[in-house]
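[1] output the structure for:
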Amino acid sequence: MSVEQERDKAVASRARENVFAGIDIDRMAERRDDRLWVEETERSPDTRFLVLDSEGQAFVQAEADMPHWMTPAMRSERFGDLPSTLLGLANGSAWFTLVVDEAHAELFVSLTGARRMSLREAGLILPAFEAGLFAYAKGITHWQRQTRFCSQCGSPTLVVASGHRVQCTNPDGPHMHFPRTDAAIIVIVEDGDACLLGRQRGWPPGRYSTLAGFIEPGESLEDAVKREVREESGVEVLRATYHSSQPWPLPASLMVGFTATARTREIHLRDDELEDARWFTVDDIVQGMTSGSLGVPPPLSVSYRLIEHWLGLRGVHLDELVAYASRR
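    Okay, the predicted model is just below:
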């Protein structure tokens, strides 16, 4: 296999490894409006409900890092008045999510002994499918909460299509609203033997990361890479290549990862987004992490994967560096 083929293989593998990405679930979009089918599926003994509180935290088992699923029987007996959202079919079961208010949250805890877990914690602890399902559930329920009124006329809205569409209730001209995701690019810029990393104010001492920013109207992903890198660091980008993506419902983003090649290494911090930006060689990263003077983002982030991939193509394993640094 040629060097180019090895690189292509490595790039392709990244998308499957990003936290929250790659869950194998049939979202059953064609059945969301079939209320009879949805209700029947909700009652199936094999169905499970992922319970979220009003802050978007999930309920997990007290003694294990796994969600504490609500069964159809428990929902019918104690939580039957709470609407659910269909997530899809996977592993021989149907998966739904429902959001509980604080009173119902306390009831669920008293019945199960469950504890609450944030999505950030879940991304580092839960198995891939469960973490991805949590991200999916948090993203769709956040959008529902943010779309209680029609943006066109201000009328109250009604959640339909098993949670995946919102209908304006204005009889004179009802509008339909669909889930929205805010796309952002995140990029590791390289020039020869070095990559460009920056840090924001307020980050832990010594932490540097890849550059990122939201896509603006009328802008392609590649144009956003060039603009964001130029605005934040002053570095001009020649070309950008897609790497992988990651759902990031914190609260409603999609991170689209890129690698990019720089025209020059000259840095001018322009928009006050960054406290500092520097070029790091492989040796700079290895020495900085082993000495404790340099830190990278946690494995939860696609930024970690971008840095991991860049180092991996140069024979350095980021996981080993992090493990060594943690033992210092």
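
[2] the stretch 51-200 of the chain: strands as residue ranges?
    58-60, 85-90, 93-99, 115-117, 157-160, 165-168, 176-177, 182-191, 194-199 (DSSP state E, counting those that start in this stretch).

[3] which residues sit against the first one?
    Where contact means Cβ atoms under 8 Å, 6 or more residues apart in numbering, the residues beyond strand 58-60 that reach it are 50-53, 66-68, 105, 108-109, 112, 114-117, 119, 122, 126, 134, 137-138. Just so you know, the C-beta spots here come from the backbone N, C-alpha and C atoms, and that holds for glycine as well.

[4] now list the buried members of the residues you listed.
    Members of the contacts of strand 58-60 that pass the buried threshold by neighbour count (16 or more other Cβ atoms under 10 Å) are listed as 50-53, 67-68, 105, 108-109, 112, 114, 117, 119, 122, 126, 134, 137-138.

[5] take the residues you listed and keep only those in helices.
    Helix and strand membership here follows DSSP state H; of the buried ones among the contacts of strand 58-60, those in helices are 105, 108-109, 112, 119, 122, 134, 137-138.

[6] reformat the residues you listed as CSV; add pLDDT and distance to residue 78.
    Supplementary listing: these in CSV, determined by pLDDT from 0 to 100; distance: Cβ to Cβ, whole Å:
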residue, pLDDT, distance to residue 78
105, 97, 12
108, 97, 8
109, 97, 12
112, 96, 11
119, 97, 25
122, 96, 24
134, 98, 22
137, 98, 20
138, 98, 23
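
[7] contacts for stretch 214-228?
    In this structure, residues lying in contact with stretch 214-228 by Cβ under 8 Å, 6+ apart are 182-185, 187, 211-213, 236-237, 239-240, 242, 253, 256, 258, 260.

[8] stretch 295-312 too?
    For stretch 295-312, the surrounding residues in contact (Cβ under 8 Å, 6+ apart) are 10-11, 14, 17-19, 120, 123-124, 186-188, 190, 195, 197, 204-210, 212, 243-246, 248, 255, 257, 259, 282, 285, 289, 317-319, 321-322, 325.

[9] so which of these belong to helices?
    Where the contacts of stretch 295-312 overlap with helices, as defined by DSSP H, the overlap consists of 10-11, 14, 17, 120, 123-124, 282, 285, 289, 318-319, 321-322, 325.
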